[in-house]
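**Student:** coordinates for the following, if possible.
(one chain, ligands or ions: 2)
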Amino acid sequence: MFALPIENYQLKGLGERRGMEAGAVRSGELKAARRLAPAELLRGVVRREVGRGMLEMRGIEKRFNSSRVAVLTGISLEVKRGEFVVVVGPSGCGKTTLLNLAGGMVKPDGGEVMLDGKAVEGPGPERAMVFQDHGLFPWLTAASNIEFGLRMLGMRRRERRDRVEAALRMVHLGNFGEKLVHELSGGMKQRVAIARAMVMDPAVLLMDEPFAALDAQTRTLLHGQLQELWIQTKKTILFVTHSVGEAVRLADRIIVLSAYPGRIRREIRVELSHPRDFDSPQISELVRLVRTEIEEEVNRVNREMAGDEWKPAASAHLGDGFVDLGGSI
Ligand SMILES: Nc1ncnc2c1ncn2[C@@H]1O[C@H](COP(=O)(O)OP(=O)(O)OP(=O)(O)O)[C@@H](O)[C@H]1O
Ligand SMILES: [Mg+2]
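**Tutor:** Ligands and ions are numbered 1, 2, ... in the order given. The predicted model follows:
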């Protein structure tokens with residue numbers, strides 16, 4: 001069995017997160033949740049999780065017909081109820097494939113995916129996905145897009161309407177329900193996509209670079225909103241990104257994948273309490289540390305792909321650590 005190095009990053013003076021019961025919140029979180037979530041916003045719409053959302057991947061192997069080497073091999077990953085896990089790794093290392101396996105869209109060649117002790121055999125409403133491309137239907141309004149999945153479930157009209165209204169308020173788009181997709185900004189479209197996923201009250205939210213196409217300011221806004229939603233609902237979230245800054249802002253735990261074949265190279269716990277102040281020096285310090293951790297893997301992959309010794313500029317020259325390394329990581 002392959003032993004994983006797990007780094008715990010805890011900066012002096014910051015709260016301990018581990019050891020908390022599922023669904024428990026510290027007083028700071030509670031205050032924020034009260035401030036951000038009037039009770040009626042969530043009542044009857046999205047449950048605050050207590051007993052769902054334990055995602056397990058055991059010994060996953062995946063190879064596509066065309067691939068020379070396995071895309072993913074020996075992947076064993078446990079995402080606990082209410083945990084926010086972020087996956088980073090070089091382009092092509094299998095991050096999207098990992099999410100698709102969790103979502104049941106792709107079947108593993110070996111190993112198993114379990115949600116709350118039950119084998120994942122295919123897509124299901126308890127595992128909602130949000131992609132980089134919002135994937136909204138352009139001929140429907142924001143509200144109708146959010147309502148779509150509920151219609152498919154055969155839910156009654158009145159309940160659908162209540163849920164859609166609450167979901168729109170949850171992403172602070174209460175007045176935008178009747179807008180068509182092209183009338184919304186990029187950030188708003190992603191917020192509708194998140195509302196569409198949340199309205200189904202999934203046990204697990206699977207997010208594949210949902211903010212990658214947004215400008216930095218909008219991204220920061222959405223980081224704040226996602227953090228808020230997560231604190232309110234305690235959904236299990238598995239999130240893929242190319243941005244180390246994004247990972248450190250949001251994650252309880254960062255999984256670094258290596259490429260060709262994709263394996264878990266390292267796990268890093270981010271033991272900063274939530275809600276996080278994204279401008280805090282602790283966040284910047286952690287971004288620097290985590291980037292150093294993964295630069296080695298990025299450089300190795302780049303070297304192998306290019307067949308030469310080229311490597312990206314050292315992180316010190318790349319700004320404040322929130323620079324998205326794009327395809328390099
Ligand atoms: N359906 C498929 N059929 C064949 N090959 C596939 C399929 N899906 C993914 N692959 C291959 O599997 C590898 C991993 O792809 P995947 O999309 O999971 O990577 P990724 O880490 O998400 O990359 P990126 O960061 O660029 O989004 C790639 O080499 C890709 O070409
Ligand atoms: Mg991908």
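
**Student:** in the stretch 1-150 of the chain, what residue lies closest to ligand 2?
**Tutor:** Closest residue of the stretch 1-150 of the chain to ligand 2, C-beta to the ion: T96 (3.2 Å). Backbone N, C-alpha and C define where each C-beta goes, glycine included.

**Student:** who's in contact with the nearest residue to S185 once chain neighbours are set aside?
**Tutor:** For S185, ignoring the flanking residues on the chain, the nearest one in space by C-beta to C-beta, 6 or more residues apart in numbering is T218 at 7.5 Å. Going by C-beta atoms under 8 Å, 6 or more residues apart in numbering, T218 touches 185-187, 211.

**Student:** right, is the helix ranked longest in the chain up against ligand 1?
**Tutor:** Assignment by DSSP state H gives helix 281-306 as the longest helix of the chain. No. Helix 281-306 lies apart from ligand 1 when judged by C-beta under 6 Å from any ligand atom; the minimum separation is 10.6 Å.

**Student:** re the thing from before, between the contacts of T218, which has the most around it?
**Tutor:** Counting neighbours by other C-beta atoms under 10 Å, F211 leads the contacts of T218 with 26 neighbours.

**Student:** quick check: that residue vs ligand 2, distance?
**Tutor:** Look at F211 and ligand 2: by C-beta to the ion, to the nearest Å, they are 14 Å apart.

**Student:** now the closest residue to that residue other than its chain neighbours: how far from A128?
**Tutor:** Leaving out its chain neighbours, the residue that sits closest to F211 by C-beta to C-beta, 6+ apart is R219, at 4.7 Å. Using C-beta to C-beta, to the nearest Å, one gets 21 Å for the distance from R219 to A128.

**Student:** what does this protein put close to ligand 2?
**Tutor:** 95-96 (C-beta under 5 Å from the ion).

**Student:** if we can go back for a sec, host element of the residue nearest to S185?
**Tutor:** helix 216-233 (DSSP states H and E).

**Student:** got the CA coordinates for that helix in PDB?
**Tutor:** Output of helix 216-233 as PDB, limited to C-alpha atoms (Å, rounded to 0.1, in the frame of the first residue of the first chain):
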ATOM      1  CA  ALA A 216     -10.400  38.000 -10.800                       C
ATOM      2  CA  GLN A 217     -12.900  40.300  -9.100                       C
ATOM      3  CA  THR A 218     -15.900  38.200 -10.000                       C
ATOM      4  CA  ARG A 219     -14.000  35.100  -8.900                       C
ATOM      5  CA  THR A 220     -13.400  36.600  -5.500                       C
ATOM      6  CA  LEU A 221     -17.100  37.400  -5.200                       C
ATOM      7  CA  LEU A 222     -18.000  33.800  -6.100                       C
ATOM      8  CA  HIS A 223     -15.400  32.400  -3.700                       C
ATOM      9  CA  GLY A 224     -17.200  34.400  -1.000                       C
ATOM     10  CA  GLN A 225     -20.600  33.200  -2.000                       C
ATOM     11  CA  LEU A 226     -19.500  29.600  -2.300                       C
ATOM     12  CA  GLN A 227     -17.900  29.700   1.100                       C
ATOM     13  CA  GLU A 228     -21.100  31.200   2.500                       C
ATOM     14  CA  LEU A 229     -23.300  28.500   0.800                       C
ATOM     15  CA  TRP A 230     -21.000  25.800   2.100                       C
ATOM     16  CA  ILE A 231     -21.100  27.100   5.700                       C
ATOM     17  CA  GLN A 232     -24.900  27.300   5.500                       C
ATOM     18  CA  THR A 233     -25.500  23.900   4.100                       C
END
